[in-house]
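Enquirer: Here is my input; please provide its structure:
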Amino acid sequence: MRARTGADPGARAELKAALRDPSVLDGYGRRVESMRQHCCAVLDRLAAHCPFRALLRGFIHTSAPPLPNGSSPCAS
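Expert: I've put the predicted structure just below:
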């Protein structure tokens, strides 16, 4: 389907609908949340006593905000 989206408006609409399916969005949200938690854990290990850790953590949270479906950012 993806290959046809360049020339076929119907295929584009079909792909958009598929990408907005709640199961796809939930899966995406879980993957992003997992990466966010991993980034926060790495930051906590590498910059445990860094005065800029809170700022860097803020960058993590704003670079990929949680989806409106309730996914929460990792704990501060």
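Enquirer: Output the below-cut-off pLDDT ranges for this protein.
Expert: 1-2, 67-76 (pLDDT under 70).
Enquirer: again, 80 this time
Expert: For the chain, residues meeting the criterion pLDDT under 80 lie at 1-6, 64-76.
Enquirer: Stretch 46-58 spans what distance, first to last residue?
Expert: Using Cα to Cα, to the nearest Å, the span of stretch 46-58 from its first residue to its last is 16 Å.
Enquirer: How far does that stretch sit from its chain's centre?
Expert: From the chain centre to the centre of stretch 46-58 is a distance of 21 Å (Cα atoms, centre = their mean, to the nearest Å).
Enquirer: same thing with stretch 18-29?
Expert: With Cα atoms, centre = their mean, you get 11 Å for stretch 18-29.
Enquirer: what helix or strand is the residue positioned nearest the centre of the chain on?
Expert: For the chain, residue 32 is the residue whose C-alpha lies nearest the centre (Cα atoms, centre = their mean; 3.3 Å). Assigned by DSSP states H and E, residue 32 belongs to helix 22-46.
Enquirer: re the thing from before, excluding its backbone neighbours, what's nearest the residue nearest to the centre of the chain?
Expert: Once flanking residues are discounted, residue 32 sits nearest to residue 64: 5.2 Å by Cβ to Cβ, 6 or more residues apart in numbering. Just so you know, the C-beta spots here come from the backbone N, C-alpha and C atoms, and that holds for glycine as well.
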